[in-house]
Structure formats: C-alpha cells, structure tokens
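Peer 1: Sharing a model that was predicted from the sequence below.
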Amino acid sequence: MRQIEGVMYQTNAPKGVDPDGIFFVQVDATRCEACGSCEEVCGTGAIQAINEDGIRQVVDPAACMNCGQCLISCPYGAIYEGVSYVDEIFEKLKDPDTIVVSMPAPAVRYGLGECFGAPTGTYVGGQMHAALRQLGFDYIWDNEFTADVTIMEEGTELIQRVKEQGKKDARPLPQFTSCCPGWVKFAETFYPDLTPNLSSCKSPIGMLGPLAKTYGAHETKSEARKIYTVSIMPCIAKKYEGLRPELADSGFRDIDATINTRELAYMIKTAGINFNSLPSQQPDPILGDSTGAATIFGNSGGVMEAALRLAYEVLSGKKLSNPDIKVVRTHEGINTADVKVPGFGTVKVAVASGLANAAKLCDEVRAGKSPYHFIEIMTCPGGCVNGGGQPLDPEIRASLFRSTVAQINKRFRARKVGA
Amino acid sequence: MKMNRRGFIKACGIMAGYAVLGLNTVRTAAADVMNFVAQRQKSVYDADANSGIYKYRKSQDNPMIKKIYDHKDGFLHEGPCGHMSHHLLHTHYVDRSARVAALKDKGFKFNL
Ligand code: SF4
Ligand code: SF4
C-alpha cells in the first residue's frame, strides 16, 4: 500500500486475468468511520454495512461498477484502490527496448494542475504533454484524437440507425453512448436486454490502443510488439475496461496499463519534475491532434454536443456556424432537448449523469416509452471531470473538516447508541 | 435541492468551521469548494471556445481525422463504420446479470 494524492493504493498490475474478480475499489475496515457517505453516492448499492457498527465494504465486484464515487466522497480516506500500474510503467520507461506511448483522456488536463497547487479546473494540457515527454514516453499521443474518431464512428452509427428504422434487422433506437466504462458494465449487469441499444463503438481509449499498435506503429515505423500503451484516465473503471479480454484487436493487448490523474501526478512528483515551470508543449502528430469537440468529452453532455456538431452538418448539408449547443450541457440530473436539423427534422436527445438517472432512462426504454434518438450516459455526476480518479475535492481532503466531521459523527453515533 | 449525505456532511463541516475560523474565511472557502465540479466544467468549455488552445471545434474539421479517413489512401479509407473500423474500433457486449442474480438469491440486497 502507498499513499498517492490522499488516496491509498495497492501495488497490483494484473495481466490476463478476469477483471470481474478484482476489487478495484475497497474499504479499509480499520479506517472506516461508518458515516455512510459512500453508500449515499453509490448507484448500485454495492457498498454496504457488513456489521452492526456500520463498517462498510464493497461486498462483491460483480455489483461494483468501479466508478470510485464512493472513494472520492469518503471524508476519512478509508477507501483504497486495488490496482496500480505505476511501478510497472516506471520500469517500462527505463527499458530501451520498449516503446512507451502515453494516452491521456480529456478530463485529466482539467484536474492534474490541482495536484500542483493550481486552482480547481485549471487547464494544464500543454504542461501535461511536456511532463509526459520528460517522464520519457516515446510518443505523446492523445486520447482526445480518438474522441474525434469516436464522434465520426458513433455519429455515423446513429445516422445509420435512424435511416434503417422500419427495415428488417434494424438496430434499435435510442442509441446509447458507450464511452463510460462504469455505465457500460452497468448496462451489461442490470439491463442486458438493452445492450443492442448501446453503440457498438469502443470508447476513445478502446480505439486508441489498437490504433497505436497498427496505424501508429506503421506511421512511425515501430515494431508493434514493442509498443506499450499507457491509458491515463480521470477514472478507476477504465482499469477494468483495459483488462476486458475482447480488447485485443491489434493482434496484441490493445491497452497495457491504465493509471489515473492522481497517479500521473505522483509519477511526475516522484521523477522530480517541476511541473509548474514546464513550458506548454504539443502532442505528437498522427494520433495527437484534437479539437474542441474532443475536449468537451470530459463534461456530462459533451459527447452529445460533439456528436450533434457532426450530425447537424451531415444531415442538413449545411455548416453549423455556432458550434455551441448549450441545451445539452449537464451539471447534474437528466437533461433533454429537441434539436432541429434543417432538411431532416427533430433529433430528440437526453443526457444523464449518475447511475440512478441512467436507470430512469433505461426503465423508459425497456417499457418502450422512450421518445429519444440518442442518449448519453456518464456514471459520475457532471462527467469525467468529476471522475473517481481525479484529485479529491479539497474540502473532503481538509483535515480540519475531516476531524470536525469525525467529532460530529462520533457524537451522533454515541447518541444513537445511547437512545 | 434535495440534500444528500455528502451535502449534509459538508454543511456540518461548514457550520463547525464557522465556530473555529470565523464567518468570512469559511464563507469564501465554502463557496470555492461547493462548486468545484462546475469550475472544472467551465474550464472545459472555455478551452473548447479558445482558438489559442483548439484551432478547430468540430471533429470532422480535424486535419488528422481527414487524413485517417481519406478515401484514397487513408488508414480508414472506407470511412466511418467501414470494414477496418468494425475490426479495430467497434466491439460487442456481454450479459453480466447472472452473478448479481446469484448474489440476490443468497440474500444480498442491491439498489436495482
Ligand atoms: S464514506 Fe468512508 S468512512 Fe464513511 S462509511 Fe464509507 S468507507 Fe466508511
Ligand atoms: S466504486 Fe462506484 S459502484 Fe463501486 S461501490 Fe463505489 S460508488 Fe458503488
């Protein structure tokens, strides 16, 4: 176990194992104060009291979507991560025979700076690329590029689905997004009858892994078998996704290691890099260039907005002069909108963040009452910027706050026990 | 707004904080922190609209996207959802309901 940015981690870099058997998130029973915050934020009920004292545990990996919302909400730092590839990545970076590729997600660049003292949300994309270069990554590729690819693939799939309605073997509507690994596992576990509605697109990182080892290898004249891909995510559930046995379409494992924003900050600090004095640098081309549509994947409603920027132009044949489609931007809960597309009609969309909201939309679809064409779901309230792998909310971290709450809680519990 | 447990804990912390730190310090700190998701979100939309950071705002305008999907010699020259796309970029899903059903049979309770 080691502490990384206020969270405990187990050093464990699994390979070729069934991710369904792993606790990516678990409670250290000796540190749990039985406050119940974790249970409150959990969408499935996977984390529950296991004894009369109210000590919580994630009772079985099958019911846990690995989102880490419980972890970032625990005021006592009692919840730890069960998987960390940090040591293995340091070894690969030292090995001259391994070509190490970095693949950071959009939201990482809006959280990483906080670990180096920047105000909440500060954009540090340029410094992040510079830091990855200094750490010794051979190619600074970017998951934002494949966010753009995702829009091309998923937008095209949606247009195909709309057009094939009424025909034999038509794929059903609404189409659900498939970028969020917590949501995908949730659909597979609790709504398996709706998986035909899930877009068949892999997530952006699920696309960048195989593209790095095929297209990227070809363009850089690298041997694909020497490439080691590092997925850098604001998320814990991405560690589960990276281990999915089906993600091996490049002829190798598509994703070799997955870390989150906190672990990247730890690596930068451990390597002695002075993050705040780094110049802003660009990613490497081929699999590095991206657009504003890609970066908004980090927000709830962002995939939807980015997809609509494509669908509007393809369906209407017109240029979208103002790319802001603010109606779908979502801070919490469910957001719905009718988007009028000239020459086509109305595209009905819904955006939900949080699994309880996802369940509401799923129940509607199951009952055949869903009016929507396209539904975006994010497991974490607000989207990936609030992911389980992001730096902690400073208030949850504040020791003054934590100790005060501990006192309040103890008094509260003492009273309850006494009554 | 419905106050959830996290909100409740924060509120307790803030009330207790008033007693320790005095009103003003705590008020500023609380306002900063309660909105931290909104602050990260705003920063994302600001970057999207900042041409100094992102020259293009639509995926289809990305020159590297045009290159990879180029009809003549692009790696994905059949276009989105073409043969190569289906091989590398699309996937299938697995029914994972059995294990949770088995846990429920054993008496575990979940929200769904
Ligand atoms: S939030 Fe933390 S301290 Fe509170 S019950 Fe859950 S694990 Fe225990
Ligand atoms: S990681 Fe997510 S699904 Fe698993 S117990 Fe925590 S909140 Fe629940």
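Peer 2: Nice, thanks for sending it over. Ligands and ions are numbered 1, 2, ... in the order given.
Peer 1: all strands of chain A, in order?
Peer 2: Ranges of strands within chain A are A:2-4, A:7-9, A:25-27, A:47-49, A:56-58, A:79-81, A:99-104, A:139-140, A:175-176, A:227-233, A:257-260, A:333-341, A:345-353, A:374-378, based on DSSP state E.
Peer 1: Throw those into CSV and include mean pLDDT, thanks.
Peer 2: Converted to CSV, those look like this (pLDDT from 0 to 100):
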stretch, mean pLDDT
strand A:2-4, 95
strand A:7-9, 96
strand A:25-27, 98
strand A:47-49, 96
strand A:56-58, 97
strand A:79-81, 98
strand A:99-104, 98
strand A:139-140, 98
strand A:175-176, 98
strand A:227-233, 98
strand A:257-260, 98
strand A:333-341, 93
strand A:345-353, 95
strand A:374-378, 98
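Peer 1: how far away is A:Asp138 from chain B?
Peer 2: To chain B, A:Asp138 is 19 Å away according to C-beta to the nearest C-beta, to the nearest Å. (Glycine included, C-beta is placed from N, CA and C.)
Peer 1: how deep is the nearest residue to that residue once chain neighbours are set aside tucked in, by neighbour count?
Peer 2: Excluding its sequence neighbours, the residue lying closest to A:Asp138 (C-beta to C-beta, 6 or more residues apart in numbering or on different chains) is A:Ile99, at 4.7 Å. Counted with other C-beta atoms under 10 Å in any protein chain shown, the neighbours of A:Ile99 add up to 23.
Peer 1: In contact with A:Ile99, which residues?
Peer 2: Neighbouring residues of A:Ile99 by C-beta atoms under 8 Å, 6 or more residues apart in numbering or on different chains: A:138-139, A:222-223, A:226-228.
Peer 1: Just send these back as CSV, with neighbour count too.
Peer 2: Output for those, formatted as CSV (neighbours: other C-beta atoms under 10 Å in any protein chain shown):
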residue, neighbour count
A:Asp138, 18
A:Tyr139, 23
A:Ser222, 17
A:Glu223, 10
A:Lys226, 15
A:Ile227, 23
A:Tyr228, 24
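Peer 1: Let me know the closest of the residues you listed to A:Tyr123.
Peer 2: Of all those, A:Tyr123 sits closest to A:Tyr139, with 22.3 Å by C-beta to C-beta.
Peer 1: Could you list everything that closest one pairs with in the sheet?
Peer 2: Listed by DSSP bridges, the beta-bridge partners for A:Tyr139 are A:Val101.
Peer 1: so it touches A:Ser102, yeah?
Peer 2: Yes - using C-beta atoms under 8 Å, A:Tyr139 is in contact with A:Ser102, at 7.1 Å.
Peer 1: got a list of contacts for stretch A:112-128?
Peer 2: Stretch A:112-128 is contacted by residues A:5, A:104, A:108-111, A:261-262, A:264-265, A:269, A:275-276, A:278-282, A:385, A:391, A:394, B:32-33, B:36, B:39-44, B:46-47, B:53 when judged by C-beta under 8 Å, 6+ apart.
Peer 1: and the residues you listed, which are buried?
Peer 2: Buried members of the contacts of stretch A:112-128, counted by 16 or more other C-beta atoms under 10 Å in any protein chain shown: A:5, A:104, A:108-111, A:261-262, A:264-265, A:275, A:278, A:281, A:385, A:391, B:33, B:36, B:39-44, B:47, B:53.
Peer 1: mind listing which of those residues are in helices?
Peer 2: Residues of these located in helices (DSSP state H): A:261-262, A:264-265, B:33, B:36, B:39-44, B:47.
Peer 1: Quick check: the residue in chain B that ligand 2 sits nearest to vs A:Ala358, distance?
Peer 2: Nearest residue of chain B to ligand 2 (C-beta to the nearest ligand atom) works out as B:Asn111 at 9.4 Å. Distance, B:Asn111 to A:Ala358, using C-beta to C-beta, to the nearest Å: 12 Å.
Peer 1: With A:Ala78 instead?
Peer 2: 26 Å.
Peer 1: How about B:His71: what's its closest non-neighbour residue?
Peer 2: Closest to B:His71 by C-beta to C-beta, 6+ apart is B:His77, at 5.6 Å.
Peer 1: repeat for A:Leu247
Peer 2: A:Asp254 (4.6 Å).
Peer 1: how many neighbours does that neighbour have?
Peer 2: Count around A:Asp254 with other C-beta under 10 Å applied: 26.
Peer 1: what do you get for the one 5 residues further on?
Peer 2: A total of 27 residues lie near A:Ile259 under the criterion other C-beta under 10 Å.
Peer 1: hang on, isn't B:Val94 packed against A:Ala187?
Peer 2: No - assessed by C-beta under 8 Å, B:Val94 is found out of contact with A:Ala187, at 10.5 Å.
Peer 1: and the residue nearest to A:His129 when sequence neighbours are not counted, what is it in contact with?
Peer 2: Distances taken as C-beta to C-beta, 6+ apart put A:Gln281 closest to A:His129, at 4.6 Å, once the chain neighbours are dropped. Residues near A:Gln281 by C-beta under 8 Å, 6+ apart: A:126-127, A:129-130, A:133, A:140.
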